[in-house]
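J.: Test case, fold it:
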Amino acid sequence: DIVTYNALMSTFEKGGAGEKAMQILNLITVGRLEPNSVTLNAVICACEKARDWEKAFRLFNLWVSTRVETNTMVFNAMMSVCEKSNQWEQALQLCSVMTHFHLKSNTITFSVAISACEKGSKWEKSLQLFSFMEQSRMKCNTIAFNAAISSCEKGVMWEK
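T.: Next up, the predicted model:
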């Protein structure tokens, strides 16, 4: 069943065997099982470890367009792929698309978005996101603080 395949795929992904995770994905498709948010998250994480953001986006877009169940965790994982691949614009786009799926952003969502902007040397965007977190009374974590500070440093805006 899908739970077994998801567990196996997650194990391969966590063990750094992304290609094996992709083979499991093929078995799921061939076996005509219904992938779910756990499946999608495991595949995205495998792509992240392989630094293959394009494959992650293709699969994400394909599955979302076919109405595979998705959630905030899946969007956060996809944003993390973008952040690690220096695709800050894509990360921000995903952040805004979440509302179309009636999903709520959380601390992780904003931390990843701030970090993506920091890596893209977009200090203004980082600070806007950080300010929004504070205004929304969202708990700011160490990642958000560090990324915002680093962003200002890179933009020679340390006085902000």
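J.: how about the helices in this protein?
T.: For the chain, helices defined by DSSP state H occupy the ranges 2-14, 18-30, 37-49, 53-65, 72-84, 88-97, 107-119, 123-135, 142-154.
J.: okay, now residue 111: neighbour count?
T.: 27 (other CB atoms under 10 Å). C-beta: built from backbone N, CA, C; applies to glycine.
J.: unless I'm mixing things up, it is touching residue 143, no?
T.: Yes: counting by CB atoms under 8 Å, residue 143 is a contact partner of residue 111 at 4.2 Å.
J.: Does residue 103 touch residue 78 like I think?
T.: No: assessed by CB under 8 Å, residue 103 is found out of contact with residue 78, at 11.8 Å.
J.: any chance of the helices of the chain in a markdown table, with mean pLDDT too?
T.: Shown next, in a markdown table, are those (pLDDT from 0 to 100):
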| stretch | mean pLDDT |
| --- | --- |
| helix 2-14 | 83 |
| helix 18-30 | 78 |
| helix 37-49 | 84 |
| helix 53-65 | 84 |
| helix 72-84 | 91 |
| helix 88-97 | 91 |
| helix 107-119 | 90 |
| helix 123-135 | 84 |
| helix 142-154 | 76 |
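J.: OK, contacts around residue 13?
T.: Counting by CB atoms under 8 Å, 6 or more residues apart in numbering, residue 13 makes contact with 21, 42, 43, 45, 46, 49.
J.: Quick check: the fourth one vs residue 93, distance?
T.: Counting by CB to CB, to the nearest Å, the gap between residue 45 and residue 93 amounts to 20 Å.
J.: More neighbours: the two, which one.
T.: With neighbours defined as other CB under 10 Å, residue 45 and residue 93 compare such that residue 45 has more, 21 against 12.
J.: which ones are touching that one?
T.: By CB under 8 Å, 6+ apart, the contact set of residue 45 is 10, 13, 14, 77.
J.: Nearest spatial neighbour of the last one, chain-adjacent residues omitted?
T.: Taking CB to CB, 6 or more residues apart in numbering, and ignoring the residues beside it in sequence, residue 77 has residue 44 as its nearest neighbour in space, at 4.3 Å.
J.: Quick check, that neighbour in contact with residue 74.
T.: Yes: using CB under 8 Å, residue 44 makes contact with residue 74 at a distance of 6.7 Å.
J.: Overlap in contacts, these two.
T.: Each of residue 60 lies in contact with both residue 44 and residue 74 under the rule CB under 8 Å, 6+ apart.
J.: Name the residues of stretch 67-85 that are buried.
T.: Neighbour counts over stretch 67-85 (16 or more other CB atoms under 10 Å) mark 68, 70-85 as buried.
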